[in-house]
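Engineer: A predicted structure for the sequence below; I have some questions about it.
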Amino acid sequence: MASDAARTIVIDKLAKGFDDNQVLQSVSLSIPQGESTVLIGPSASGKSVLLKCLVGLMQIDGGSMRYGDLELSGLSTAEWSAFQGRIGMLFQQNALFDSLKIWENVAFRLTHHEGVPRREARDRAVSRMASVGLGEEMADLYPVELSGGMQKRVGVARAMIGNPELLILDDPTAGLDPILTNTILSLIDRETSGKGTTVLVVTGDMKAARSRFDNVAMLFDGEIKWSGKRDDVPDAGDPFLEQMINGRAQGPIKMRLAARG
């Protein structure tokens, strides 16, 4: 197994823009191996863009992203494909494949990256589905036949199957009721704790951000305003972090009417 240092993510002065909109100015952040880190920030602050850069879905404009000794920004297409096989990711809008059955969506990592036979992959998918409250009777349905909340659960199940070493979740509890929210968060903790899995989560749930994750990072105006241990948040003294955590209308964060991220 790789050492902790070999799987620590270090983002240094990362920049990403779209035409005249510079979404990420100079993002620097360390994400410790084997710990959970939550990324918070107001809407359109670039959180999802940062995640997509980290997994190679968007090419960065400048800076670097390192996974231990591996410089991600310099990977070839084939190398990115191999690296993505080590990642489990939940996208903000789930990004399920409409043409695939539910079990095929959940088992996508197994069948396409690990070469698991379809019968075994289906069995493992059904087992993972059960862990997020989806019965086997849904395995052969298609995404369009499920509600939005159920599709979210399918996305979580797909992200977590195969025990990925890096788990990236973009708003895993959005649109879920409080009971299912707690169930999903407890599942993530139970399935990753003590296994060396590095977890990076974006959420707008400040209650969860304050209590569920090892580390907190605050993204605003294209840069990380504060990052540190969860227990240090109350005494951080950072006005951006305090406004976001406490949901105050007044503070240095102003509402943006139009932006990307």
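Structural biologist: Yep, that arrived. Residues are numbered from 1 along each chain as shown.
Engineer: Going by contacts, tell me the helices and strands next to the helix or strand bottoming out on mean pLDDT in the chain.
Structural biologist: Here the helix or strand of the chain ranked lowest by mean pLDDT, DSSP states H and E is helix 178-192, holding a mean of 85. Here helix 178-192 touches strand 36-40, helix 148-160, strand 166-170, strand 198-202, going by 3 or more C-beta pairs under 8 Å, 6 or more residues apart in numbering; DSSP states H and E. To be clear about C-beta, it is placed using only N, CA and C from the backbone, and glycine gets the same treatment.
Engineer: relative orientation of the third one and strand 198-202 in degrees?
Structural biologist: Read that as strand 166-170. Angle, strand 166-170 to strand 198-202, by axes from the mean of the first three to the mean of the last three C-alpha atoms, to 10 degrees: 10 degrees.
Engineer: swap in the first one?
Structural biologist: With the same axes, to 10 degrees as the basis, strand 36-40 and strand 198-202 are set at 20 degrees to each other.
Engineer: so what does strand 36-40 touch, helix or strand wise?
Structural biologist: Using 3+ C-beta pairs under 8 Å, 6+ apart, strand 36-40 is in contact with helix 47-54, helix 178-192, strand 198-202, helix 206-211, strand 215-220.
Engineer: Residue 103 is nearest to which of those?
Structural biologist: helix 178-192 (18.4 Å; C-beta to C-beta).
Engineer: ok, back up a step: including distance to residue 101, could the helices and strands packed on strand 36-40 go into TSV?
Structural biologist: Converted to TSV, those look like this (distance: least, C-beta to C-beta, whole Å):
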stretch	distance to residue 101
helix 47-54	26
helix 178-192	22
strand 198-202	27
helix 206-211	31
strand 215-220	36
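Engineer: Tabulate those in JSON lines, adding columns for mean neighbour count and distance to residue 13.
Structural biologist: Output for those, formatted as JSON lines (neighbours: other C-beta atoms under 10 Å; distance: least, C-beta to C-beta, whole Å):
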{"stretch": "helix 47-54", "mean neighbour count": "23", "distance to residue 13": "13"}
{"stretch": "helix 178-192", "mean neighbour count": "16", "distance to residue 13": "29"}
{"stretch": "strand 198-202", "mean neighbour count": "24", "distance to residue 13": "19"}
{"stretch": "helix 206-211", "mean neighbour count": "15", "distance to residue 13": "25"}
{"stretch": "strand 215-220", "mean neighbour count": "24", "distance to residue 13": "14"}
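Engineer: And the ones you listed: which comes nearest residue 159?
Structural biologist: Nearest of these (C-beta to C-beta): helix 178-192, 9.2 Å.
Engineer: buried sites along stretch 102-114?
Structural biologist: 102-111, 113 (16 or more other C-beta atoms under 10 Å).
Engineer: Which member of these is positioned nearest residue 84?
Structural biologist: Nearest to residue 84 among those, with distances taken as C-beta to C-beta, is residue 113, at 7.7 Å.
Engineer: got a list of what the closest one touches?
Structural biologist: 84-85, 162 (C-beta atoms under 8 Å, 6 or more residues apart in numbering).
Engineer: give me that answer again for 6 Å
Structural biologist: Counting by C-beta atoms under 6 Å, 6 or more residues apart in numbering, residue 113 makes contact with residue 85.
Engineer: Residue 161 versus that one, what's the distance?
Structural biologist: Applying C-beta to C-beta, to the nearest Å, the value for residue 113 to residue 161 is 11 Å.
Engineer: Would you mind confirming that residue 181 is in contact with residue 173?
Structural biologist: Yes - counting by C-beta atoms under 6 Å, residue 173 is a contact partner of residue 181 at 4.2 Å.
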